[in-house]
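J.: give me a model of this one.
(one chain, ligands or ions: 1)
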Amino acid sequence: MQKIGFIGLGIMGKSMAANLMKAGYELTVYNRTASKGDELVAKGAKRALTPKEAAEGNDVIITIVSDTPDVERVIFGENGALEGCKKGAVIVDMSTISASATRSMAARLEEAGVEMIDAPVSGGDTGAREGTLTIMCGGKEEVFESIKPVLFGMGKKVTLMGGHGAGQATKMCNQTAIASCLLGVCECMMLASKEGLDCEKVVEVLSGGAAQSAQMTAYGKRMVNRDYAAGFFIDLFQKDIRLVMEAVREHNLCFQGLSTVQQMFNAVQGMEGGGQLGSQGLALALEMMCGTKMEK
Ligand code: NAP
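T.: As a prediction, this is how the structure comes out:
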């Protein structure tokens, strides 16, 4: 089995790495805040002190960190993964980042004899824990085929969408659809509350019909229960919206739904600790706009 270096043990990375270990892969793990690796090390992962060490001797190096500059830092920075990569190694970036920066990174890596696949994910913290992520990939077909079993260790639906950057472009489409859907769920829960309905029952009933969505299932009840604990930080959702808005400008488009959600998230980010709330915190912005709160 391929040996794996895993860089980034945040909400997503920690569970994804744990699933790869369960699938029998030998893992070397690196996280900037080392303590987040303790549990995996206790279960048998080797600890790396730098991204370079995480790459050394491994066939596949997975990165899942926050934003484009963070991926650049862990790959190309001092003591970065590239310094430790052997020729022919594959770097699989599973973070959500810029598609054009991904294409540049893949070209730089190719010059150094290292392959790259962009493989951002959808399915949230639950999908990461349960190993049911949807993984959308970009890169060379033969390289994708060579690492497919590794990806199936973390996800259920694994698809090559095209060349380098196509995975990230697909992920932008995903975030565009999710953003407006999340706003729809907020408005739905507000209405249910004002109509005096049992809001949890509304989620259950609607989840059996045409209003069913991952956003409804994951967040409908949490909104009315005022549970804003993060599965996906608002700060990170705003990073994704920024990436989509760059494409919207490039293609001369007009995305009102996304723009509204972006501004509503701006308002929540303005609250103390707002950016570190989960994306269901969008409901707080709707409450501010409506001048009233949701009740269960
Ligand atoms: P997270 O919990 O905030 O984890 C971010 C990870 O990146 C942490 O391990 C952090 O290290 C590391 N990191 C950030 N900047 C770094 C840098 N400059 N150098 C080294 N390490 C750095 O976020 P997450 O929810 O796991 O998300 C990770 C990626 O997956 C993001 O691109 C996000 O958009 C995407 N994603 C998230 C979800 C979700 O539902 N959460 C779903 C799909 C995709 P420290 O621990 O030291 O801070």
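
J.: how many other residues sit next to R103?
T.: Look at R103: counted by other Cβ atoms under 10 Å, it has 18 neighbours. Using the backbone N, CA and C atoms, a C-beta is placed for each residue, glycine as well.

J.: that one: which element?
T.: Using DSSP states H and E, R103 sits within helix 99-111.

J.: so does that helix get close to the ligand?
T.: No - using Cβ under 6 Å from any ligand atom, helix 99-111 stays clear of the ligand, coming no nearer than 12.0 Å.

J.: elements contacting that helix?
T.: Judged by 3 or more Cβ pairs under 8 Å, 6 or more residues apart in numbering; DSSP states H and E, helix 99-111 is in contact with helix 68-76, strand 90-93, strand 115-118, helix 166-194.

J.: the same query, at a cut-off of 7 Å, please.
T.: Judged by 3 or more Cβ pairs under 7 Å, 6 or more residues apart in numbering; DSSP states H and E, helix 99-111 is in contact with helix 68-76, strand 115-118, helix 166-194.

J.: next, format these as CSV and append distance to the ligand.
T.: Formatted as CSV, the helices and strands packed on helix 99-111 follow (distance: least, Cβ to the nearest ligand atom, whole Å):
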stretch, distance to the ligand
helix 68-76, 4
strand 115-118, 11
helix 166-194, 8
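
J.: so what's the residue count around the closest residue to the ligand within the chain?
T.: Proximity of the chain to the ligand (Cβ to the nearest ligand atom) peaks at G10, 1.8 Å away. Residues near G10, counting by other Cβ under 10 Å, number 20.

J.: repeat for M105
T.: Neighbourhood size, M105 [other Cβ under 10 Å]: 24.

J.: so for it, what's the pLDDT?
T.: M105 is assigned 98 on the pLDDT scale.

J.: which ones are touching it?
T.: 72, 75, 116 (Cβ atoms under 7 Å, 6 or more residues apart in numbering).

J.: ok, L9 touching A17?
T.: Yes - at 6.3 Å, L9 counts as touching A17 under the criterion of Cβ atoms under 7 Å.

J.: need the residues touching each of those two.
T.: Common neighbours of L9 and A17 (Cβ under 7 Å, 6+ apart) are 29, 40.

J.: so which elements touch the longest strand belonging to the chain?
T.: Looking across the chain with DSSP state E, the single longest strand is strand 155-162. Under the contact definition 3+ Cβ pairs under 7 Å, 6+ apart, strand 155-162 sits against strand 133-138, helix 141-152.

J.: so is the shortest one next to the ligand?
T.: No - judged by Cβ under 6 Å from any ligand atom, strand 133-138 and the ligand are separated, with a smallest distance of 7.9 Å.

J.: buried ones in that strand?
T.: With burial defined by 16 or more other Cβ atoms under 10 Å, the residues of strand 133-138 counted as buried are 133-138.

J.: Throw these into TSV and include pLDDT and distance to L160, thanks.
T.: Listed next are the buried residues of strand 133-138 as TSV, based on pLDDT from 0 to 100; distance: Cβ to Cβ, whole Å:
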residue	pLDDT	distance to L160
L133	98	15
T134	98	13
I135	98	10
M136	98	9
C137	99	5
G138	98	8
